[in-house]
Every structure is written in structure tokens, then in C-alpha cells.
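> Just to be clear, the model below is a prediction. Sequence and coordinates:
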Amino acid sequence: MFSSGLNPFSPLVFSVLASSLGLPATILLVSWFATLWNARFQLNTSLLFALGFVSLFLSGGISGLFLARHDFASTSVTEDFVTGHFHLVMGVAATFAILAALFFWFPKLFGRRLSEPLGKLHFWLTFAGVYGVFMPMHWLGLAARVAKNPGANLAAMASWFGSFITAGIILTVFAQAVFLFNFLWSLFRGDAVGEDNPWRATTLEWSMASPPPRHDFGAREPVVYRGAYEFGVPGVAQDFIPQHVAPDRVAKAN
């Protein structure tokens, strides 16, 4: 939009709107990092994809600050920088969040768990692959802007980066084949969930069997004694106290 020949004042509007996204995005990042501060978490595949989402959101958000400058964007001759930024945030980061949710909710949906070793292999290959694809696009876009001699040197750099990006795409596609195998194998032959609450979650949906029975809680109304996300309750022996556990059934700390 910056370089499409709009009214000269239009880029200023887009620039102000793009810059204004920085404040809510910063609040979100501070909230996520504060949640992890001194936390006792389970480093499973679901959390890895959630952390990968935060990383991609941060990386793509920083490159968005460059694009918020209308003078920078209007003189960016190539589309590589914009392509890398947009796909890193809107495509890959969102996909990581979806995969984090899928690994978490898979036991509740199907009563089986996705393989953790295959899931972690899928995460690391995808994480390395997408950064290998989209970060070089940022560098190509910057190189096209600042290159003093945009001739043979830039062409050679673009050729090398193009090969690197191709390798990243192959790695990413292979990682999705690992995920597809993991999904189908776990769906039909995966380990059955041996307990109602495999994640030590605190919310009510994990107080019943997986997958849930037809009428959920049935005639029995669930009773809650605390908030959904009250972790680290003082004076108790464990960190994760489900909502439906009565206070007199909670083991006290020594």
C-alpha cells in the first residue's frame, strides 16, 4: 500500500495506524513474559509451540516497526522485506499458536495423546525451517535498500539467499510430514489417556473423562471453589489445584 501511488498524505495514516499496534503488542509481550517469570511449567510440545509463537510474534513485530516508517517502505524496492514480515506474523506465528492448542486439546478431543518425541522433532524442524525461510527475506529487502552497487554483488547475494530459503522450505515441508504421521498414528494407534487430567490443568473440562461424555457433567452441577487460573496457591503442597477440588481435600504444605 505504501508504494502503490496513493495520495501523499495516505502513507501518514497507514504509518500512524501501524505504529499504534506497538502499544497493545508490547502489553501482550510483557504479560506473556511475566507469566513465565519464576513459573513452574511443563516443557512439553504444546508449550514449545506457544513459546515459538511468542518468538515469531516478537520478531515479526520488530520488523513491522520498520514498515511503519512510510519513507522506508516507499523506498523499499523489493517485496522481500514485506513478504517476510507479513508471513512471519500473520501466517507462521498464527500456525504455531494453532499447533500449540492442537497438542494441548488432542487428548480431550480423541482420548489419546500425540507423541511427544515426534512432536518436539516437528517443532524444532519447523522452527528452524520458518526462520530459515523468512528471516533471509528481511535481509534481502534491507540489502536492496542500502546496497551502494545494486548490480552483481546484490544478484550474487540474492542467489545465495535464494538457495538458503529453498533449503528452509524443504526442511519445513519435511517437518509437516512428521506432524502428519504423528497425527494419524496417534489418532488410531496412539497411547490412550490414562487419567482425566494429563496436563495438571485447573479448569473444569479436565475434571471429566476424555473425550467428554455425551451430556458433559450430566445432572450433576459442577461446583467451583476458586478461579480458573489460580496457580501457586499459598500454603498448599501442589501448584495446580483444579477448580472443583474442595478446600478440605487440598493437601496442605508442610
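Noted; the coordinates are in hand. The structure displayed is predicted, hence computed values, not measured ones. Numbers count the residues shown, from 1 in each chain.
> burial of residue 216, as a residue count?
Counted with other Cβ atoms under 10 Å, the neighbours of residue 216 add up to 11. For every residue, glycine as well, the C-beta is placed using N, CA and C.
> which secondary structure element contains it?
Assigned by DSSP states H and E, residue 216 falls within no helix or strand.
> Next: residue 58.
Remark: residue 58 resides in helix 45-67, with elements defined by DSSP H and E.
> That helix: how far from the chain's middle?
Put simply, helix 45-67 sits 7 Å off its chain's centre (Cα atoms, centre = their mean, to the nearest Å).
> Also stretch 99-111?
The chain centroid and the centroid of stretch 99-111 are separated by 15 Å under Cα atoms, centre = their mean.
> same question, stretch 221-238
Between the centre of stretch 221-238 and the centre of its host chain there is 27 Å, according to Cα atoms, centre = their mean.
> Touching that stretch from outside, list them.
For stretch 221-238, the surrounding residues in contact (Cβ atoms under 8 Å, 6 or more residues apart in numbering) are 39-40, 202-204, 207, 239-241, 243-247, 250-254.
> For residue 53, which residues are in contact?
93, 94, 96, 97, 100.
> same thing but 7 Å
93, 96, 97, 100 (Cβ atoms under 7 Å, 6 or more residues apart in numbering).
> Can you turn the buried part of the contacts of stretch 221-238 into a ChimeraX selection?
Burial among the contacts of stretch 221-238 is assessed by 16 or more other Cβ atoms under 10 Å; the matching ChimeraX selection reads:
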select :202,204,207,240,241,243,244,245,250
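> Spatially, what comes nearest to residue 200 if we skip its sequence neighbours?
Counting by Cβ to Cβ, 6 or more residues apart in numbering, residue 240 is the residue found nearest to residue 200 once chain neighbours are left out, at 4.2 Å.
> so is the one you found in a helix, a strand, or just coil?
For residue 240, the assignment made with DSSP: H, G, I helix; E, B strand; the rest coil gives coil.
> Give me the pLDDT value at it.
Per-residue pLDDT puts residue 240 at 81.
> just residue 154 next, same as before
pLDDT, read off for residue 154, is 59.
> ditto for residue 71
Value for residue 71, per-residue pLDDT: 60.
> before we move on, what about residue 202?
86.
> Distance check, it against residue 245.
According to Cβ to Cβ, to the nearest Å, residue 202 stands 9 Å off from residue 245.
> again, but for residue 33
The separation that residue 33 has from residue 245, given Cβ to Cβ, amounts to 29 Å.
> Show me the shaky parts of the stretch 101-250 of the chain.
144-158 (pLDDT under 70).
> Grab the most central residue of this protein for me.
Here the mean C-alpha position of the chain is nearest to the C-alpha of residue 53 (Cα atoms, centre = their mean), at a distance of 2.2 Å.
> Which other helices and strands does the host helix or strand of residue 159 contact?
According to DSSP H and E, residue 159 maps onto helix 152-189. Secondary-structure packing of helix 152-189 (3 or more Cβ pairs under 7 Å, 6 or more residues apart in numbering; DSSP states H and E): helix 116-146.
> Let's see which of the contacts of stretch 221-238 end up in strands.
Judged by DSSP state E, the contacts of stretch 221-238 include no members of strands.
> The contacts of stretch 221-238 in helices, which ones?
Assigned to helices by DSSP state H, none of the contacts of stretch 221-238 qualify.
> Once you drop chain neighbours, what's closest to the residue nearest to the centre of the chain?
In space, residue 53 is closest to residue 96, 4.1 Å off (Cβ to Cβ, 6+ apart).
> so the one you found makes contact with residue 52?
Yes. Here residue 96 reaches residue 52: they are 4.6 Å apart, a contact under Cβ atoms under 7 Å.
> Could I get the buried residue list for stretch 195-215?
Going by neighbour count (16+ other Cβ under 10 Å), the buried part of stretch 195-215 is 197, 199, 201, 202, 204, 206, 207, 208, 210.
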